[in-house]
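Asks: got a structure for you, letters missing:
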């Protein structure tokens, strides 16, 4: 059974004849007759009574008419939804998320909801390497990552910039500065998250001075 056959069935019913249905469907009458015949043979039913003056529905045709209309309506709705998904206006976005900047992510999702109200976001938390692998494999549609200068096979688009803050004792000479460069902290003992837990905190400028003998070593050495 084809949707075309159901469309022809409904058109013949609404137009009251094969000729007028053919005009409505922009085809020839013989094509309409043939498709109706194929549909009747497949269903094992006679759908129309045919006389030289008129074409009318049989009892079986009357029973099947609302079902045919429902199928055609569902098919039309499916096409509409598919078009909306293709345009990005609706559907499900499988998004790999980052640990940490929750307020940034929330604002991003709120803006996305304003622009595409029909789009549902399904957040997935994974380590960054697994996030990128999932995008490459098609298991995620997109992923949020931090401090990644490149990702082979993927396109990186900047969304925001994060500031890095150093917590210092109030009486420390550097505490009064408005901004600090990493080099100014090189001689201090640092407490940083492990690289695998928070790569951005350990991805520093190449100008970061190497540790010198006699100075305290940082907890997690920058590369």
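Replies: Structure received. Remember, it's a predicted structure, so these values are computed and weren't measured experimentally. Numbers count the residues shown, from 1 in each chain.
Asks: from the chain's centre, how far out does whichever helix in the chain runs longest sit?
Replies: Ranked by number of residues, the top helix in the chain under DSSP state H is helix 59-86. Taking CA atoms, centre = their mean, to the nearest Å, the mean C-alpha location of helix 59-86 is offset from the chain mean by 26 Å.
Asks: cool, and stretch 118-126?
Replies: Here the centre of stretch 118-126 is set off from its chain's centre by 8 Å, with CA atoms, centre = their mean.
Asks: likewise for stretch 57-65?
Replies: For stretch 57-65, the distance to the chain centre is 42 Å (CA atoms, centre = their mean).
Asks: break down this structure into its strands, ranges please.
Replies: In the chain, the strands defined using DSSP state E lie at 48-50, 55-57, 90-97, 118-125, 142-143.
Asks: could you give the angle of the third one to strand 118-125?
Replies: With axes from the mean of the first three to the mean of the last three CA atoms, to 10 degrees applied, the angle from strand 90-97 to strand 118-125 works out at 20 degrees.
Asks: and strand 90-97, what other elements does it pack with?
Replies: Strand 90-97 sits against helix 59-86, strand 118-125, helix 128-136, strand 142-143, with contacts defined as 3 or more CB pairs under 8 Å, 6 or more residues apart in numbering; DSSP states H and E. The C-beta positions use only the backbone N, C-alpha and C, and glycine is treated the same way.
Asks: which other residues reach it?
Replies: The contact list for strand 90-97 (CB atoms under 8 Å, 6 or more residues apart in numbering) reads 81, 84-85, 105, 112, 116, 118-126, 131, 134-135, 139-145.
Asks: how does it look with 6 Å?
Replies: Strand 90-97 is contacted by residues 84-85, 105, 118-126, 131, 140-144 when judged by CB atoms under 6 Å, 6 or more residues apart in numbering.
Asks: what of the first one?
Replies: With contacts defined as CB under 6 Å, 6+ apart, strand 48-50 is touched by 55, 56, 58, 61.
Asks: one more time with 7 Å, if that's ok
Replies: Here strand 48-50 makes contact (CB atoms under 7 Å, 6 or more residues apart in numbering) with 12, 55, 56, 57, 58, 61.
Asks: do the second one as well
Replies: Residues from elsewhere that reach strand 55-57 (CB under 7 Å, 6+ apart): 12, 13, 16, 17, 18, 47, 48, 49, 65.
Asks: which one of these sits closest to residue 77?
Replies: residue 65 (18.8 Å; CB to CB).
Asks: now the closest one. Nearest residue, chain neighbours left out?
Replies: Using CB to CB, 6 or more residues apart in numbering and skipping the chain neighbours, the partner closest in space to residue 65 is residue 13 (6.0 Å).
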